[in-house]
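In: Quick one, structure for this:
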Amino acid sequence: MVSGGLAGAENYPLLEELNRQTQSLYREVEAGLVRVQLPLPRWLQEASRQDDPLRKWEAALDPQVKRRIEEHQQRLLQGGAGRLSVRISPSTRAATAADDDAQAVFGSWWTVSTESADRQIVLQSRNGTGEPTAIVIHSGGTIDENGRLSLGGPLRMRAQPVSTTFSPNNIGLLLDEAGHVLVPLYVEKDAVPDGRVRVMVGETEGSAVFVGSDDKTQMTILRLEKPAGRPLRFSAMRPAPGSLVMLLNPNSGSGRIALWTGGEKDYGVVVNMDGSVSGIVRFGQFLGGAACQPVIEQLIRAGTVRRAIVGARLAELPADSPLRRRFSELADRPALLVEDIKTRSLAEKGGLRKGDIIVQVGTEPAADLAALAGLLARGGQLRLTILRDGRRMELALQLPEPPTD
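Out: Next up, the predicted model:
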């Protein structure tokens, strides 16, 4: 005989344990995440203008249509995605004590907004004090000591103040007790006119001061004016192929568990199953903790990054390069091609030649130029594994120590 209804969690002990561990991991990481409302970087504004249909088809556009498009673009830049109004009719029954919060806002005009970065719908109005409010709905139920949800209880609804100006569009990683935050996006200093950006740590809104940024590694450092949260740990190693990782999308703040295969199609912050941050992946380009650390240290100390100039012009080896067919060892692994070498440069002194193919930097694959830019800020000896005419070789470049002032 088969009975209906939902199957109990005890029928899937492994899945239930995985669910608990995943929740625990996210709670640990969440304490070190900072939601950030960044201004649009100037380099991104310029890139957007290049593809702006208003520029391409300006002569053919009707002036009235052009004006409406410009107004819509301006709303998007300010965080607005569109609005519609609805009417909530007054209640026809006598109010009770439980209705006190909700009654104050019945009969008023509300706005349904989809402006939040996580795409959730927010119902907003203005109460008697003129402050914006939102309805918060509690579906009822409790969570037991094992983390299981027990459904039941009355449906409760209350109104609470909400922010109408904070629209997070990126995440930051809390680095230390002083409140320094790493944001995986390059933002120029002059794009932050007053030097401050709005942030949220947990459920608390605040602000952070711009500290510095680095265009080579696409990183920005902020400092919370009121430090809060729990700093995250960085790992020096990238995940092994086949590992489970948590991938956090900087733009939306969403997360998912994924099987690590190199990050060719992924974008986000990569978190190991022990709660440490492995690095930042950008569709195959991986900036690990070892490459991040020297850049972070210089930005915190001086607000800018000074790195060694090796005197070599490098390019990422494309997937369809004839060299990959010529040298089977390359296969589809990431690599950097040495296109030119300056005389009397660090690269030449270290034995690097034009035509060499760099396949490994230190213990890491030669993934991309951003990772190399991070390591060049470290100083000391930089070991390279190269292919020269198909032969594998080891070289060492001696980099000057980074400034300490």
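
In: Report how many residues lie close to residue 175.
Out: 22 (other Cβ atoms under 10 Å). All C-beta atoms are positioned from the backbone trio N, CA, C, and that covers glycine.

In: same deal with residue 376?
Out: 24.

In: Looking at it now. What's its pLDDT?
Out: Confidence at residue 376, expressed as pLDDT, is 90.

In: Please apply the same query to residue 81.
Out: For residue 81, the predicted pLDDT is 47.

In: The one 5 residues further on too?
Out: The predicted local confidence for residue 86 comes out at a pLDDT of 44.

In: Equivalent analysis for residue 43, please.
Out: Per the predicted model, pLDDT is 67 at residue 43.

In: How about residue 345?
Out: pLDDT, read off for residue 345, is 93.

In: gap between it and residue 178?
Out: 38 Å (Cβ to Cβ, to the nearest Å).

In: out of those two, which sits in the more crowded spot?
Out: Using other Cβ under 10 Å, the more surrounded residue of residue 345 and residue 178 is residue 345, with 15 against 11.

In: What residues does the more buried one make contact with?
Out: 309-312 (Cβ atoms under 8 Å, 6 or more residues apart in numbering).

In: So which of those residues are in strands?
Out: residue 312 (DSSP state E).

In: So what touches the helix or strand containing residue 370?
Out: According to DSSP states H and E, residue 370 maps onto helix 369-376. Under the criterion Cβ under 8 Å, 6+ apart, residues 214, 216-218, 282, 285-288, 290-295, 307-308, 310, 314, 316, 336, 361-362, 364, 366, 382, 399 lie in contact with helix 369-376.

In: Only alpha carbons, please: show that helix as PDB.
Out: Provided in PDB are the C-alpha atoms of helix 369-376 (Å, rounded to 0.1, in the frame of the first residue of the first chain):
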ATOM      1  CA  LEU A 369      47.100  38.500 -17.700                       C
ATOM      2  CA  ALA A 370      45.200  39.700 -14.700                       C
ATOM      3  CA  ALA A 371      46.600  36.900 -12.500                       C
ATOM      4  CA  LEU A 372      50.100  37.600 -13.800                       C
ATOM      5  CA  ALA A 373      49.600  41.300 -13.000                       C
ATOM      6  CA  GLY A 374      48.800  40.400  -9.500                       C
ATOM      7  CA  LEU A 375      51.900  38.300  -9.000                       C
ATOM      8  CA  LEU A 376      54.100  41.000 -10.500                       C
END
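
In: Residue 67 - that's part of a helix, no?
Out: Yes - counting by DSSP: H, G, I helix; E, B strand; the rest coil, residue 67 falls inside a helix.

In: pLDDT value on it, please?
Out: The predicted local confidence for residue 67 is 77.

In: Residue 264 now?
Out: Reported pLDDT for residue 264: 77.

In: same check, this time on residue 32
Out: As predicted, residue 32 sits at a pLDDT of 95.

In: Hmm, it is touching residue 174, no?
Out: Yes - at 4.3 Å, residue 32 and residue 174 qualify as touching, with contact defined as Cβ atoms under 8 Å.

In: Common neighbours of the two, please.
Out: Both residue 32 and residue 174 are in contact with 229-232, where contact means Cβ under 8 Å, 6+ apart.

In: Can I get those in JSON lines including pLDDT, secondary structure and distance to residue 278?
Out: Shown next, in JSON lines, are these (pLDDT from 0 to 100; DSSP: H, G, I helix; E, B strand; the rest coil; distance: Cβ to Cβ, whole Å):
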{"residue": "229", "pLDDT": "93", "secondary structure": "coil", "distance to residue 278": "20"}
{"residue": "230", "pLDDT": "94", "secondary structure": "coil", "distance to residue 278": "18"}
{"residue": "231", "pLDDT": "96", "secondary structure": "coil", "distance to residue 278": "16"}
{"residue": "232", "pLDDT": "96", "secondary structure": "coil", "distance to residue 278": "11"}
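
In: ChimeraX command to pick out the buried ones of those?
Out: Buried residues among the shared contacts of residue 32 and residue 174 (16 or more other Cβ atoms under 10 Å), as a ChimeraX selection:
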select :229,231,232
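
In: Help me confirm that residue 323 is found in a helix?
Out: Yes - assessed by three-state DSSP, residue 323 belongs to a helix.

In: State the distance from it to residue 330.
Out: For residue 323, the distance to residue 330 - Cβ to Cβ - is 7 Å.

In: Which of the two has more residues huddled nearby?
Out: The residue with more neighbours, out of residue 323 and residue 330, is residue 330; 18 against 15, by other Cβ under 10 Å.

In: so the more buried one sits right up against residue 390, yeah?
Out: No - counting by Cβ under 8 Å, residue 390 is not a contact partner of residue 330; they are 9.6 Å apart.

In: For stretch 16-29, what does the pLDDT average out to?
Out: Computed over stretch 16-29, the average pLDDT equals 91.

In: cool, and stretch 348-365?
Out: Per-residue scores along stretch 348-365 average to 90.

In: Then stretch 315-332?
Out: 88.

In: Name the residues of that stretch that come out as buried.
Out: 316-317, 321, 324, 327, 330.

In: Widest-spaced pair of these?
Out: Farthest apart among these by Cβ to Cβ are 316 and 327. That separation is 16.0 Å.

In: which stretches of the protein form helices?
Out: Under the criterion DSSP state H, the chain contains helices at 13-30, 42-50, 53-56, 63-77, 100-103, 289-302, 322-326, 346-349, 369-376.

In: I'd like the ones you listed written out as TSV, with distance to residue 272 added.
Out: Shown next, in TSV, are the helices of the chain (distance: least, Cβ to Cβ, whole Å):
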stretch	distance to residue 272
helix 13-30	9
helix 42-50	30
helix 53-56	43
helix 63-77	36
helix 100-103	43
helix 289-302	10
helix 322-326	30
helix 346-349	34
helix 369-376	18
